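Got a predicted model here, sequence first, then my questions.
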Amino acid sequence: DLIGLFVNTIVLKIDLTADLSLTELFAQVKSRSIAAYANQDAPLEQVIERLNPPRRFNQHPLFQTLLALHLPFDDAVIPGLAVQTLAKSGGMSEFDISLIVEENQVGLTCTIEYLNELYDEQSVRQWLSYFLNVLKCCSKDSLLTIGELELLSEESQQQLLQDYHHQVRHEPAPLLHHQLSSVAQRLPNHIALVEKDKEYSYQWFDNKVNQLANYLISHGIGESDRVAICLPRSVMFVVAIFAAMKSGATYIPVDITQPDDRLRYILSDSDPKLVFVADSELISRYSSETQPYRVVGISEQSDLFNQMSIEPPATIVGRQQLVYIMYTSGSTGNPKGVMIEHQQLVSFINSYVQRRQISVGMRILQFGAVSFDSSVEDIFGALTTGSTLVLRDDQWLAGTKEFWSLCTQYRIHLISLPTAFFH
């Protein structure tokens, strides 16, 4: 005679492909269970030892979910002893989540045990309702596929589709360059940009944007055309962005501090019709004998601004038009252009503004590289809300003490810093 805990756990690996029918699933479970029981004398500990899977201190090496089926049995009769069956209560769950099924005279009693460090009671109760709905589906039609099983009851589906569904029509938010113009009309004298010791009002900024946009249109730039902006971080860089948007063109921000080979590759791959550079730059660096784009030098004092109207262009820009193409780092090969549409940018910036609670009068530092995606948050998050965009220069990188001192001096409210800044 033996006394002990006669429990041996068997690990099953089941295929749950969505197009598998319930009949096929049950047959698979049956055959694999029979095959496993044929080797049930092999203790689980020895199986784990032979397999030697990767170990994690907070997980079982082979499975996280357990099904335990307890069959009915009569209390043992031992002469001279009173024997009573005790139900397990309390204690710690041995696995992430376990379904314990006990067969009795009325049917099956199911209990779920779970680690409350991983799951809360509400989630487990919800899963239990899903499980019951799946069982109902299984009892109705064994030809259903796994993908056709319903997790929600009819009542829950009705509640989700009808009771909670309200037809609310939201007018789409204006495109970002229209939002800028709206801010300029409402707050013409508010400071839009700060560069070193110079401040620029929204009215000045929007007028410059309109003049440069009208210049682009007068030179045949419009929808589906691309404008590369090869300017240093400056007021003119931001003016060029919004000017390209108002003209209907797609802008391509280019970091001019990068090597010439990368710069030329981006210009070749993006196929711009016009390239903006600083007046002081050598235009030969950006010229190409094989591509017919124009290279135009601009600065605040450029004559082209005086020749153009400050009235906003009448261009109609579609929401599905490309607003910009931003190139990846190219760490796994050549840089790749990521194309973003106007509506995508509107949705992202509106969400960003709400999440960061950006409002009129805040000051936002434009820190990241102008060709890095965080610059989009800084530029549009500030200039579509009536905030002030502060453009940093290399002086901000002199040291940690100097950086935070400048943040105080310029009254910065919001900064997006790359992790490299803290190293």
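Received, thanks.

When you work out contacts or count neighbours from here on, use the C-alpha atoms and nothing else.
OK.

send the alpha carbons of stretch 414-423 over as CSV?
In CSV, the C-alpha atoms belonging to stretch 414-423 read as follows (Å, rounded to 0.1, in the frame of the first residue of the first chain):
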residue,chain,number,x,y,z
LEU,A,414,7.4,71.7,-22.1
ILE,A,415,10.5,69.8,-23.5
SER,A,416,10.8,66.6,-25.4
LEU,A,417,14.3,65.2,-24.8
PRO,A,418,15.9,62.2,-26.4
THR,A,419,17.4,59.6,-24.0
ALA,A,420,20.8,60.4,-25.4
PHE,A,421,20.6,63.8,-23.7
PHE,A,422,20.8,62.1,-20.2
HIS,A,423,23.8,60.0,-21.0
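
now it: mean pLDDT?
Per-residue pLDDT values over stretch 414-423 give a mean of 83.

next one: stretch 18-26
The model assigns stretch 18-26 a mean pLDDT of 91.

Next: stretch 51-64.
Rounded mean pLDDT across stretch 51-64 is 82.

if we look at stretch 392-412, which residues are touching it?
With contact meaning CA atoms under 8 Å, 6 or more residues apart in numbering, stretch 392-412 is reached by Glu195, Lys196, Arg233, Met362, Arg363, Ile364, Leu365, Gln366, Phe367, Val390.

how far out from the middle of the chain is it?
On the basis of CA atoms, centre = their mean, to the nearest Å, stretch 392-412 is displaced by 30 Å from the centre of the chain it belongs to.

now swap in stretch 229-241 and tell me
Centroid separation for stretch 229-241 versus its chain: 27 Å, with CA atoms, centre = their mean.

cool, and stretch 100-116?
Using CA atoms, centre = their mean, the distance from the centre of stretch 100-116 to the centre of the chain it belongs to is 40 Å.

Give me the secondary structure label for the spatially most central residue of the chain.
Within the chain, one residue has its C-alpha closest to the average C-alpha position: by CA atoms, centre = their mean, that is Phe348, at 10.2 Å. Secondary structure of Phe348, reduced to three states by DSSP: H, G, I helix; E, B strand; the rest coil: helix.

so how far is Ile379 from it?
Between Phe348 and Ile379 the computed distance is 13 Å (CA to CA, to the nearest Å).

and if you look at Tyr286?
Tyr286 sits 25 Å away from Ile379 when distances are taken as CA to CA.

The two - which one has more neighbours?
Set side by side, Tyr286 and Ile379 give different neighbour counts by other CA atoms under 10 Å, the larger being at Ile379 (23 against 18).

got the contact list for Pro313?
With the criterion set at CA under 8 Å, 6+ apart, Pro313 makes contact with Asn210, Ala213, Asn214, Lys246, Ser247.

Report all helices and strands that whichever strand or helix holds the third one contacts.
Assigned by DSSP states H and E, Asn214 belongs to helix 202-218. Using 3 or more CA pairs under 8 Å, 6 or more residues apart in numbering; DSSP states H and E as the contact criterion, the elements in contact with helix 202-218 are helix 176-186, strand 191-195, helix 235-247, helix 303-306.

Between those, which one is closest to Ala35.
Taking CA to CA as the criterion, helix 176-186 is the member of the helices and strands packed on helix 202-218 that comes nearest to Ala35, at 63.9 Å.

For stretch 195-215, buried residues please.
Within stretch 195-215, the residues that qualify as buried are 199-203, 205-215, counting by 16 or more other CA atoms under 10 Å.

What mean pLDDT does the helix or strand encompassing Thr408 get?
Using DSSP H and E, Thr408 sits in helix 400-409. Averaging pLDDT along helix 400-409 gives 94.

list the helices and strands whichever helix or strand comes after it packs on?
Past helix 400-409, further along toward the C-terminus, the next helix or strand under DSSP H and E is strand 414-415. Strand 414-415 makes packing contacts with strand 363-366 when contacts are defined by 3+ CA pairs under 8 Å, 6+ apart.

go with 10 Å
With contacts defined as 3 or more CA pairs under 10 Å, 6 or more residues apart in numbering; DSSP states H and E, strand 414-415 has these neighbours: strand 363-366, helix 374-383.

Compile the ones you listed into a markdown table and extend it with columns for distance to Gln395 and mean pLDDT.
A markdown table is the format used below for the helices and strands packed on strand 414-415 (distance: least, CA to CA, whole Å; pLDDT from 0 to 100):
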| stretch | distance to Gln395 | mean pLDDT |
| --- | --- | --- |
| strand 363-366 | 14 | 97 |
| helix 374-383 | 19 | 95 |
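
Figure out which of those is closest to Ser142.
The closest of these to Ser142 is helix 374-383. By CA to CA, the value is 52.5 Å.

for the closest one, packing partners?
helix 176-186, strand 191-195, helix 235-247, helix 342-356, strand 363-366, strand 388-391, strand 414-415.

Output the below-cut-off pLDDT ranges for the stretch 251-400 of the chain.
280-281 (pLDDT under 70).

Without its sequence neighbours, what residue ends up closest to Met236?
Closest residue in space to Met236, ignoring its immediate chain neighbours: Ser299 at 6.4 Å, by CA to CA, 6 or more residues apart in numbering.

what ranges do the strands span in this protein?
Across the chain, reading from the start of the chain, the strands by DSSP state E fall at 65-70, 97-103, 108-114, 191-195, 198-201, 226-230, 250-253, 274-278, 294-298, 322-327, 337-341, 363-366, 388-391, 414-415.
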